[in-house]
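what's the 3D shape of this:
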Amino acid sequence: MAGTQSTPPQTTSQGETPSPLCNHLLEQVKLRLEDSLSEAELKSGVSEALASLEQAREQTLENLERDGAKDDVLEAFEKSFDDMQIALEAIDEFASGATAESHEAVRLTIFRAANATAYAVTTMQQAQFSEGPTDMPLFNALFKMKEGYLEGGVEGDQLREALTNIVKMTKAAIQELVASEGEQPPQRDGLVRAYEEQIESLERVGETISEGQKDKSEVDDAFAELLRTSNGVKEAMALLNEAIMSQGPCRLARTNVLLSASDTFRAGGIGVEPFGSTLDEFETEIREEKAAVLELSALPNQSEPVAKEIRGVKEAYDLHEEALGMFAEFLDGEGGPEDFEKAQKLLIEASEKLSDHKEALEKLGESEGKVSCVRCGTLNDPNNRVCDSCSAQLPQQAGVGGIASTMDFQEADGSATIGHGELEMTSNLERLFLAVNEIAEERSSDDEFEEVLLWMDNLIVNATATMPEVPNMANNPDYSPELVEQIGQLQEELNGQRDLMLEGMATIRSALNTLQSFTEGRDKNTLVKGVREVRDGAIKMQQSERALALITEALQAAAAEAQAAREAEAQGGGATTESEAVEPPKRDDIG
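Now for the predicted structure:
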């Protein structure tokens, strides 16, 4: 595409590559497929090429190291020789069993080798002019010539010739852009204008070049303007590339970009490393989004439609990861062309599934928790007294929308949900979670939110202060040794569950502090973290409460049994059983 800088030369699916050797190899395998070249002839040519390749590898790397080439240059050339060797070995195998399928596979290995070679050469050229005022080697070279011109090492004619060549290249790029067929994005015109400004600055630089006295200030000013316009070209180019690549079969632009890159890779336009880097960036973005969705799904929600869409979002992210895994396997040489096409189709399916659930969540986010007008059906904010559309009186419902949340997360806007697990929702927890959702949706003030937090904290403080100690019931001389041991074990368990109850209370108090910090930074992740901590604390309390009830019953039964035995011996009694002093904490007092 016009305007692409610092990239390997483009190739086409017709067999043209940046490498004359690879073009020759493509022709050879084509002749073998057509049976115009024998197996022995092709194998002989491959054998000679492999021998020459090893000599070229050794000599090239030795020269690069002697010249002080950077590590990335050495690695690029090493990989180019590796890919060429793989291609030659694949051709040798193809010679024995030339079929249409094996021909397509061997062509792909040749394209990879060609692009690896072009990439290595480009990397070396970029390294030579990597230092400078821009990240474009061509203009860094021009700026180096400017310094040479001012110091007398470069003739004015040489600099003017370089400027003239760049102007010609820029005008050719403009012509290519203008001649593009089909509907073009507006960014195309933006790049044309940027190129035109660059031409003006190049011509101004040329006007400052003279054979006589050099005006350093004038030259520096002209090059400063050239630097500005060149950066403008780079920015406009990036915008156009993004606009073009984001067009495609999917509603999500990033998926179209990856699909476009995959098609370019299949056609030989980019090599394994650039495409692999694109895959890695896409995978990182997907995993970060998925992690954020899982975090925010801990927020409470009793809306089944929302929960259903959230499950769909998670499934869509799983499909994305499966498609990316198929691409990776193909790059590792573990799949054929048909696997590559399956990966593309699965990626499209995953992207569209994500888009479907996103749109559904957006609609639910608009309707969840709203009050429907009985006259016209318009959905209204639950705080409204009258309908926004027809002004009819709205039904006032306590807790409209339950504890639904319409908090946003990443690309999927909508309600968050919570997997209740072992958590039993109580009225106090529901009030707290409702307050979290309201502050997240900006439907309540900070003071109202903090009032609920203080209320819950007071409940926990009171419950902690009034929790009774576990009495020592085994210290009774009338109990048998067996009964003393049994009651001692039960008391030990009771103490453990009491500690768990207190631990749960402490966890909730800490969670309330976390929730309160939202009013300082407005970071919704603090709400997610706080709700999870509340949930963990509440589960501990509820588990310990159930265990306390069972242990208390066992203690009461043991004490009653001992009391009954004593009364039978004394033929009377009236003593109060110790079991009446053992009462588990009340959950309604705690929340």
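
center of this protein - which residue?
In the chain, the C-alpha closest to the average C-alpha coordinate belongs to residue 285, at a distance of 1.9 Å (CA atoms, centre = their mean).

Name the helix or strand for the residue lying closest to that residue once chain neighbours are set aside, please.
On the basis of CB to CB, 6 or more residues apart in numbering, the spatially nearest residue to residue 285 that is not a chain neighbour turns out to be residue 254, at 7.1 Å. (Glycine included, C-beta is placed from N, CA and C.) Secondary structure here is read from DSSP states H and E; on that basis residue 254 sits in helix 253-266.

Residue 58 too?
Assigned by DSSP H and E, residue 58 falls within helix 39-66.

One more: residue 214?
According to DSSP H and E, residue 214 maps onto no helix or strand at all.

Do I have it right that it meets residue 151?
No: with contacts defined as CB atoms under 8 Å, residue 214 does not count as touching residue 151, sitting 9.6 Å away.

Looking at those two, which is more packed in?
Neighbours were counted for residue 214 and for residue 151 using other CB atoms under 10 Å; residue 214 has more, 16 against 9.

What residues does that one make contact with?
Residue 214 makes contacts with 149-150, as judged by CB atoms under 8 Å, 6 or more residues apart in numbering.

So which residues of the stretch 151-300 of the chain form strands?
With DSSP state E, counting those that start in this stretch as the definition, the stretch 151-300 of the chain shows no strands.

orientation of the strand or helix carrying residue 30 relative to helix 39-66 in degrees?
Per DSSP H and E, residue 30 falls inside helix 20-33. Using axes from the mean of the first three to the mean of the last three CA atoms, to 10 degrees, the inter-axis angle of helix 20-33 relative to helix 39-66 is 170 degrees.

what's the distance between helix 20-33 and the middle of its chain?
With CA atoms, centre = their mean, to the nearest Å as the basis, helix 20-33 stands 41 Å off its chain's centre.

Quick one: list the elements packing against it.
helix 39-66, helix 71-96, helix 100-128 (3 or more CB pairs under 8 Å, 6 or more residues apart in numbering; DSSP states H and E).

buried residues in the second one?
I take that to be helix 71-96. Applying a neighbour-count criterion of 16 or more other CB atoms under 10 Å, the buried positions in helix 71-96 are 73-74, 76-81, 83-88, 90-92, 94-95.

Quick check: which helices or strands does that helix pack against?
Helix 71-96 makes packing contacts with helix 20-33, helix 39-66, helix 100-128 when contacts are defined by 3+ CB pairs under 8 Å, 6+ apart.

re the thing from before, pull up the gap between the residue nearest to residue 285 and residue 266, please.
Per CB to CB, to the nearest Å, residue 254 is found 19 Å from residue 266.

And for the residue nearest to residue 285, the neighbour number?
Other residues within reach of residue 254, judged by other CB under 10 Å, total 16.

so where's the stretch 401-550 of the chain uncertain?
Flagging of the stretch 401-550 of the chain using pLDDT under 70 yields the residue ranges 401-422, 470-480.

Contacts only, for the nearest residue to residue 124 once chain neighbours are set aside.
Spatial nearest neighbour of residue 124, excluding adjacent residues (CB to CB, 6+ apart): residue 73 at 5.0 Å. Counting by CB under 8 Å, 6+ apart, residue 73 touches 64, 120, 123-124, 127.

follow-up on the earlier one: I'd say the residue nearest to residue 285 and residue 283 touch.
No: Residue 254 is not in contact with residue 283 according to CB under 8 Å; the separation is 11.5 Å.

thinking again about what came up before, who wins for proximity to residue 23 among the helices and strands packed on helix 20-33?
Ranking these by proximity to residue 23 (CB to CB) places helix 100-128 first, at 7.9 Å.
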